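>>> no sequence on hand, only this structure:
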């Protein structure tokens, strides 16, 4: 079966159609793996746990916040993909193969700037690929996505957990102070979280916590 669908003036074979369908199915996972979404959603989850507010904000809200912060952060990269790949493809100036090749360049550039050299070296060694000079962007761009993507994900997980650690410290101190105070007063049966949570929220509001957290997270990608 050949060229039964016409896209951009070119016939698409059954195999290509199946590949494109599979790509669209995996698109949400690709967005998570190749953007700043992972760091944002994990950091916000740590913040919620540190505040001790259980399911507030709910998961849907956290994911929505992480998604829009991701769109904000990835704006320059999205613009570059549109200018270098999508617009020429829509105008019929390049083929599908050239589209995918060009689209990965800005995305790979973003990921490489956020990837720790140790993580990149690890997956280069595992893939038996020569480790490029971190200062040579041309050589780094030649790395395959199967190496860059897991290295980027590893770095993002590490950074997200580091942010989570720093988020926990001030709220952990409040928990310790409240627990010690309740113990000294003999109020053993009273759950410390019932007392500490309002103080955590007060501290967070006083410090304008949401703006502080969002600005810190976004600036971490610059």
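Done, it's in. Note that the structure is predicted; figures quoted are calculated from it, not measured. Residues are numbered from 1 along each chain as shown.

>>> OK, contacts around residue 80?
Under the criterion of C-beta atoms under 8 Å, 6 or more residues apart in numbering, the neighbours of residue 80 are 105, 106. All C-beta spots, glycine's among them, are computed from the backbone N, C-alpha and C.

>>> in the helix or strand it falls within, which residues are buried?
With secondary structure defined by DSSP states H and E, residue 80 is part of helix 75-81. Neighbour-count burial for helix 75-81 flags 77, 78, 80, 81 (criterion: 16 or more other C-beta atoms under 10 Å).

>>> right, and the helix or strand after that helix?
Sequence order places helix 87-90 as the next helix or strand after helix 75-81, per DSSP H and E.

>>> check the buried residues of helix 75-81 and tell me the two furthest apart.
Comparing every pair within those by C-beta to C-beta identifies 78 and 80 as the most remote, at 7.3 Å.

>>> now the biggest helix by length in the chain: buried residues?
If you go by DSSP state H, the chain has its longest helix at helix 145-184. Within helix 145-184, the residues scored as buried using 16+ other C-beta under 10 Å are 147-156, 159-160, 163-164, 167-168, 171, 174-175, 178, 182.

>>> that one - what's its average pLDDT?
The pLDDT scores in helix 145-184 average 88.

>>> how distant is that helix from the center of its chain?
How far helix 145-184 lies from its chain's middle: 16 Å, per C-alpha atoms, centre = their mean, to the nearest Å.

>>> in what element of secondary structure is residue 104 found?
Per DSSP H and E, residue 104 falls inside helix 96-114.
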